[in-house]
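**Student:** have a look; sequence and predicted model below, questions after that.
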Amino acid sequence: MSIRILSLLAVFAISGNAQALSKSPPKGHLGSEWEARNGDLIHPQLGLSLMAPAPTADVFRPEGFDWRNSNIQQGPYPPKALKADKEGVVPLNLTVDVAGKIKHCEVDGTSGLAELDGHACPHLVRTVRLYPALGADGKRIERTISAQLSYELRLRITTFAEGGTVESTPKVRAKRNGPISLESIGIATEVRKLRDARSFAAWVKVLPDGRPESCQLVSPTYDDGIDALVCNTLMQKTTYSPARDAVGNAVADTVNVFLSW
């Protein structure tokens with residue numbers, strides 16, 4: 001099974017709970033901050049990364065983190081790990097139901113620290129809500145995905161070094177035949193009702209014959225009807241020109257679609 005990182009959520013600063021912003025948590029709790037004897041700035045935090053199978057035609061929207069209804073940065077950092085100045089990453093399998101609740105959570109390996117492994121699932125089930133996957137039929141899907149929960153004691157800035165996976169880019173990229181707009185999709189008036197939605201982005205995989213193979217929303221509105229409408233339009237009512245390699249052969253490629261309002 002092909003795995004792709006969906007969201008390396010910097011859930012560190014956003015917990016979705018206004019109380020966390022108005023009142024500092026006690027020392028040793030997630031989100032608290034103090035200076036260690038050696039001068040290090042200590043800031044216990046959790047980071048949740050969701051992973052899912054590669055895009056397929058039957059899924060329009062993968063799972064996402066519902067930060068408004070989650071409070072992952074709540075409660076104490078595991079005390080023994082804190083005292084020993086230990087960090088780690090716990091690999092997990094999460095079953096997300098159609099309501100966005102974590103129906104089942106299991107540790108799929110180990111962080112190397114039993115206390116972190118034992119803390120991860122109860123904490124996520126108690127504090128986290130997710131947006132469920134959305135199928136091509138417009139209905140929510142219950143499914144199991146891989147995830148990682150990182151336990152960190154110091155704030156970090158993540159950079160991506162050179163030498164990672166490199167994908168060849170076609171000389172001529174695939175493209176839509178004609179412009180696309182909110183009006184052409186049919187959501188010009190509906191989107192104004194969504195308080196939080198301001199844009200969407202989708203990836204459409206286009207085959208060498210120009211047919212769209214799959215549509216995946218990488219920045220959804222999380223309104224099921226609109227998300228389904230977007231991908232259905234991109235799959236069924238939009239035509240594409242295929243990509244071509246350096247010698248002119250048609251090849252598969254991905255078309256990125258982004259619209260804001």
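**Tutor:** That came in fine, so what should we check first?

**Student:** and for the residue lying closest to Val128 once chain neighbours are set aside, the neighbour number?
**Tutor:** Spatial nearest neighbour of Val128, excluding adjacent residues (CB to CB, 6 or more residues apart in numbering): Ser70 at 4.7 Å. (C-beta placed from N, C-alpha, C; glycine too.) Around Ser70 there are 22 other residues, counting by other CB atoms under 10 Å.

**Student:** Ser32 falls within a strand, correct?
**Tutor:** No: counting by DSSP: H, G, I helix; E, B strand; the rest coil, Ser32 is not found in a strand; it is coil.

**Student:** that one against Leu41, yeah?
**Tutor:** No: the criterion here is CB atoms under 8 Å, and Ser32 misses it with Leu41 at 11.3 Å.

**Student:** how much space between the residue nearest to Val128 and Glu63?
**Tutor:** 13 Å (CB to CB, to the nearest Å).

**Student:** now do Pro53
**Tutor:** Pro53 sits 11 Å away from Glu63, going by CB to CB.

**Student:** tell me which of these two has more neighbours.
**Tutor:** Ranked by neighbour count (other CB under 10 Å), Pro53 and Glu63 place Glu63 first, with 23 against 14.

**Student:** what's the separation between that one and Asp227?
**Tutor:** In this structure, Glu63 and Asp227 are 13 Å apart, going by CB to CB.

**Student:** before we move on, the earlier item: what about Ser32 and Leu41, which has more around it?
**Tutor:** More crowded of Ser32 and Leu41, by other CB under 10 Å: Ser32, with 17 against 11.

**Student:** would you map out the domains in the protein?
**Tutor:** Domain ranges of the chain: 3-152, 175-260, per automatic domain parsing.

**Student:** okay, the ones you listed in JSON lines with distance to Thr169 and mean pLDDT next?
**Tutor:** Putting these into JSON lines (distance: least, CB to CB, whole Å; pLDDT from 0 to 100) gives the following:
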{"stretch": "domain 3-152", "distance to Thr169": "18", "mean pLDDT": "88"}
{"stretch": "domain 175-260", "distance to Thr169": "9", "mean pLDDT": "90"}
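
**Student:** neighbours around Val125, how many?
**Tutor:** Residues lying near Val125 (other CB under 10 Å) number 14.

**Student:** make that Lys80, sorry
**Tutor:** 12.

**Student:** next, it: secondary structure please.
**Tutor:** Per three-state DSSP, Lys80 ends up helix.

**Student:** so what's it up against?
**Tutor:** Residues near Lys80 by CB atoms under 8 Å, 6 or more residues apart in numbering: Lys86, Glu115.

**Student:** over to Glu213?
**Tutor:** The contact partners of Glu213, by CB under 8 Å, 6+ apart, come to Ala57, Lys205, Val206, Leu207, Ala252.

**Student:** contacting residues for the fourth one?
**Tutor:** Spelled out, it's Leu207. Glu213, Pro242, Ala252.

**Student:** go again using 10 Å as the cut-off
**Tutor:** Contacts for Leu207 (CB atoms under 10 Å, 6 or more residues apart in numbering) come out as Ala174, Glu213, Ser214, Tyr240, Pro242, Ala243, Ala250, Val251, Ala252, Asp253.

**Student:** one more: the second one?
**Tutor:** With contact taken as CB under 10 Å, 6+ apart, Lys205 is in contact with 54-57, 174, 211-216, 240, 252-255.
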